[in-house]
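> generate a structure from the sequence data that follows.
(one chain, ligands or ions: 1)
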Amino acid sequence: MRRPVTRRESIRTMGVLVGGAFFPWSEWARDEAGRPLILPREEERGQPERPITAITLGAGARGNIYGNYALEYPEQIRIVGVAEPVPIRRERYMRDHGIPEEAAFVTWEHVFQRPKFADAIIIATPDDLHYGPCMEALRLGYDILLEKPISPSEAECLEILERTRETGRIVAVCHVLRFAPYFERLRELVQSGAIGRLVSIQHFEPIEHVHMAHSFVRGNWHDSVATAPIILAKSSHDLDILRWIVGRESEAIQAFGDLSWFRRENAPEGSTARCMDGCAVEAQCPYSALRIYHRNRQRLHVFDLPDEPELQEGAILEALRTTDYGRCVYRMENDQCDHYVANIRFRDGITAAFSMEAFTPWGGRRTRIMGSMGYIEGDMRQMEIHDFRTREHTVLETRTLELEQVRGDGHGGGDWRLMANWVRAVAEQDVSILTSSLDASVESHVMAFAAERSRLQGTVEPIRV
Ligand SMILES: NC(=O)c1ccc[n+]([C@@H]2O[C@H](COP(=O)([O-])OP(=O)(O)OC[C@H]3O[C@@H](n4cnc5c(N)ncnc54)[C@H](O)[C@@H]3O)[C@@H](O)[C@H]2O)c1
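This next block holds a predicted model:
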């Protein structure tokens with residue numbers, strides 16, 4: 001989705017309050033689902049002597065979120081090149097960032113045929129196109145912002161890790177939840193001993209049924225073999241956040257999960273291959289493409305709609321006639337689990353029970369943390385802290401403003417704060433600044449691969465990084 005570029009001075013800001021700190025977000029800055037982004041704190045942005053320069057590979061949803069950071073903070077980072085095969089996306093990105101023809105490419109390979117011409121590369125290509133550009137970028141000496149998953153292959157993840165260590169380059173993985181003020185506070189509480197000794201965690205990842213249908217039944221991630229299994233594609237964030245909160249290595253994992261509902265045998269009588277083909281149950285179907293994209297106008301960023309409002313309705317209907325987004329959810333070639341549970345054992349006997357569920361009315365995350373002296377329960381909007389010693393019960397509000405769009409901010413403000421952290425690390429050439437370095441991130445991926453082996457083979461898998 002396009003956002004108008006306004007002068008920074010003219011941006012009206014609002015914000016959220018987390019444990020006393022105020023995080024503003026700009027009026028126009030939105031993530032891929034149109035939710036507002038929380039701006040990073042002043043000290044997190046630093047003041048580089050000159051802006052770093054970067055080339056974006058993949059000008060899709062994520063490439064634009066990171067690109068928009070550069071538009072908001074031109075004194076921090078400038079985007080000087082782009083590789084994107086879809087012409088309208090490439091042209092819009094060139095226009096937004098003032099990228100000349102000679103620095104705009106159809107595919108990532110072309111970027112590396114030229115000598116290095118920026119400080120860094122932003123890899124926001126599809127999952128199976130992370131390894132190639134990452135290895136090339138390391139070869140040419142670029143620093144890197146790497147979208148998760150690092151790679152859908154465990155061997156490639158470890159190869160990237162090894163190469164990064166050899167080159168000493170700065171590589172951040174986009175585990176954006178680490179940067180959400182809510183999760184920062186949760187971790188701080190656990191690690192400061194606010195609930196005594198950490199004993200166990202229950203962590204719930206509700207995907208939300210429409211999001212599931214959009215991304216993992218009809219959309220880019222419907223095929224776990226061509227992209228990545230959902231435990232990696234979606235839940236590597238959660239495995240990462242669990243590992244980060246626990247602060248100890250994971251030792252073993254056991255998983256179960258299945259694709260229960262979005263299957264041909266569950267197609268209702270009278271349903272058709274496409275929702276617009278006269279499906280008899282379209283009006284009642286919660287997964288109807290007409291209902292989601294046409295009537296409710298949800299998740300339209302995938303359609304590259306024309307800028308002219310009067311042309312948009314026709315473009316949506318045409319997309320529903322011709323793309324996978326218009327097909328019946330029961331007749332896709334999808335194989336991703338719609339429910340997935342995993343038990344994890346960390347060092348010192350700490351355990352975590354993780355559950356990813358498609359069939360929920362909302363997304364976000366819900367977590368319960370049990371300690372020897374207390375208990376925390378949070379849902380990204382607020383957290384309740386019980387201290388068994390004092391019998392005190394404290395409630396921290398993540399969002400004090402009662403605005404619907406604020407409640408919808410799925411990454412809890414993490415996207416741009418991750419960018420701020422990475423930009424500062426690159427500007428200062430100091431990998432220790434990174435919260436989400438490759439070293440710190442790879443374990444979540446190894447956990448996900450082990451979970452998949454466990455799920456498919458019925459084993460308890462050791463986790464070895
Ligand atoms: N960190 C997060 O929270 C988060 C959230 C969503 C997606 N992701 C990850 O980010 C990545 C991008 O996801 P997205 O939602 O932006 O997808 P997207 O489809 O919107 O964007 C990917 C872009 O890459 C382009 N592309 C395809 N082949 C290319 C090539 N050879 N060279 C250059 N560009 C190419 C596509 O045309 C597309 O525009 C994926 O790996 C995804 O898993 C991360």
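
> can you pull out the strands in the stretch 101-250 of the chain?
104-105, 120-123, 143-146, 171-173, 198-206, 250-258 (DSSP state E, counting those that start in this stretch).

> tell me how this structure divides into domains.
Residue ranges for the domains of the chain, per automatic domain parsing: 8-177+415-434, 181-262+334-410+443-462, 268-331.

> any residue of the longest one touching the ligand?
This means domain 8-177+415-434. Yes - Domain 8-177+415-434 lies within reach of the ligand by C-beta under 6 Å from any ligand atom, at 57-63, 83-86, 89, 107-108, 124-127, 129, 147-148, 174, 176. C-beta here means a position set from N, CA and C on the backbone, and glycine is covered the same way.

> swap in the last one?
No - applying C-beta under 6 Å from any ligand atom, one finds that domain 268-331 is not in contact with the ligand, the shortest distance being 6.8 Å.

> give me the mean pLDDT for that domain.
Mean pLDDT, computed over domain 268-331, is 96.

> please apply the same query to the longest one.
Averaged across domain 8-177+415-434, the pLDDT comes to 87.

> show me how far it is from its chain's centre.
13 Å (C-alpha atoms, centre = their mean, to the nearest Å).

> what of stretch 255-266?
On C-alpha atoms, centre = their mean, the centre of stretch 255-266 falls 24 Å from the chain's centre.

> what's the end-to-end length of it?
As for stretch 255-266, its first-to-last residue distance stands at 25 Å under the measure C-alpha to C-alpha, to the nearest Å.

> residues in contact with that stretch?
Contacts to stretch 255-266, defined as C-beta atoms under 8 Å, 6 or more residues apart in numbering, come from residues 212-213, 217, 231, 329-332, 334-343, 356, 358-359, 451-452, 454-455.

> quick one: buried residues of it?
255, 257, 259, 261-262 (16 or more other C-beta atoms under 10 Å).

> likewise for stretch 303-319?
So, applying 16+ other C-beta under 10 Å, buried residues of stretch 303-319: 303-305, 316, 319.

> and which of the residues you listed is nearest to residue 96?
residue 304 (14.2 Å; C-beta to C-beta).

> ok, now how distant is the residue of the stretch 1-150 of the chain found nearest the ligand from residue 209?
Of all residues in the stretch 1-150 of the chain, residue 60 sits closest to the ligand, at 1.9 Å by C-beta to the nearest ligand atom. The gap separating residue 60 from residue 209 is 23 Å, by C-beta to C-beta, to the nearest Å.

> so which elements touch the lengthiest helix in the chain?
Longest among the helix segments of the chain by residue count, using DSSP state H, is helix 438-457. The contact analysis (3 or more C-beta pairs under 8 Å, 6 or more residues apart in numbering; DSSP states H and E) places helix 438-457 against helix 154-167, strand 171-173, helix 230-233, helix 236-246, strand 250-258, strand 339-346, strand 461-462.

> can you redo those as JSON lines with distance to residue 77?
JSON lines is the format used below for the helices and strands packed on helix 438-457 (distance: least, C-beta to C-beta, whole Å):
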{"stretch": "helix 154-167", "distance to residue 77": "21"}
{"stretch": "strand 171-173", "distance to residue 77": "13"}
{"stretch": "helix 230-233", "distance to residue 77": "27"}
{"stretch": "helix 236-246", "distance to residue 77": "23"}
{"stretch": "strand 250-258", "distance to residue 77": "34"}
{"stretch": "strand 339-346", "distance to residue 77": "36"}
{"stretch": "strand 461-462", "distance to residue 77": "40"}
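
> deepest in the core, which of those is it.
strand 171-173 (a mean of 30; mean count of other C-beta atoms under 10 Å).

> hmm, who's touching that strand?
134, 138, 143-148, 150, 160, 164, 418, 421-422, 425, 434, 436-438, 441-442.

> do stretch 371-382 as well
Counting by C-beta under 8 Å, 6+ apart, 180, 182, 186, 189-190, 193-199, 364-369, 383-389, 395-399, 407, 412 sit against stretch 371-382.

> can you map out the helices along the stretch 1-150 of the chain?
Taking DSSP state H, counting those that start in this stretch, the helices of the stretch 1-150 of the chain run over residues 42-45, 61-72, 87-97, 108-111, 131-140.

> and among these, the most buried is which?
helix 61-72 (a mean of 23).

> can you tell me how far the residue of the stretch 251-400 of the chain found nearest the ligand sits from residue 195?
Closest contact between the stretch 251-400 of the chain and the ligand, by C-beta to the nearest ligand atom, is at residue 302 (6.8 Å). Note on residue 302: its distance to residue 195, by C-beta to C-beta, is 42 Å.

> for residue 353, same thing?
17 Å.

> looking at these two, which is more packed in?
residue 195 (22 against 15; other C-beta atoms under 10 Å).

> how close does the more buried one get to the ligand?
Computed as C-beta to the nearest ligand atom, to the nearest Å, the residue 195 to the ligand distance reads 28 Å.

> show the contacting residues for that residue.
Per C-beta under 8 Å, 6+ apart, neighbours of residue 195: 189, 369-376, 385-387.

> again, 7 Å this time
Residue 195 makes contacts with 189, 369, 371, 373-376, as judged by C-beta atoms under 7 Å, 6 or more residues apart in numbering.

> cool, residue 283 as well?
Taking C-beta under 7 Å, 6+ apart as the definition, residue 283 has no contacts.

> need the three-state assignment for it.
helix (DSSP: H, G, I helix; E, B strand; the rest coil).

> residues near residue 234, how many?
Neighbours of residue 234 (other C-beta under 10 Å): 25.

> mind checking how far it is from residue 205?
7 Å.

> on that earlier part again, format the strands of the stretch 101-250 of the chain as TSV; extra columns: distance to residue 98.
Shown next, in TSV, are those (distance: least, C-beta to C-beta, whole Å):
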stretch	distance to residue 98
strand 104-105	11
strand 120-123	17
strand 143-146	20
strand 171-173	25
strand 198-206	39
strand 250-258	45
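
> of all these, which lies closest to residue 225?
Among those, strand 250-258 sits nearest to residue 225 (C-beta to C-beta), with 15.6 Å.

> centre of the chain to the closest one, how far?
With C-alpha atoms, centre = their mean, you get 21 Å for strand 250-258.
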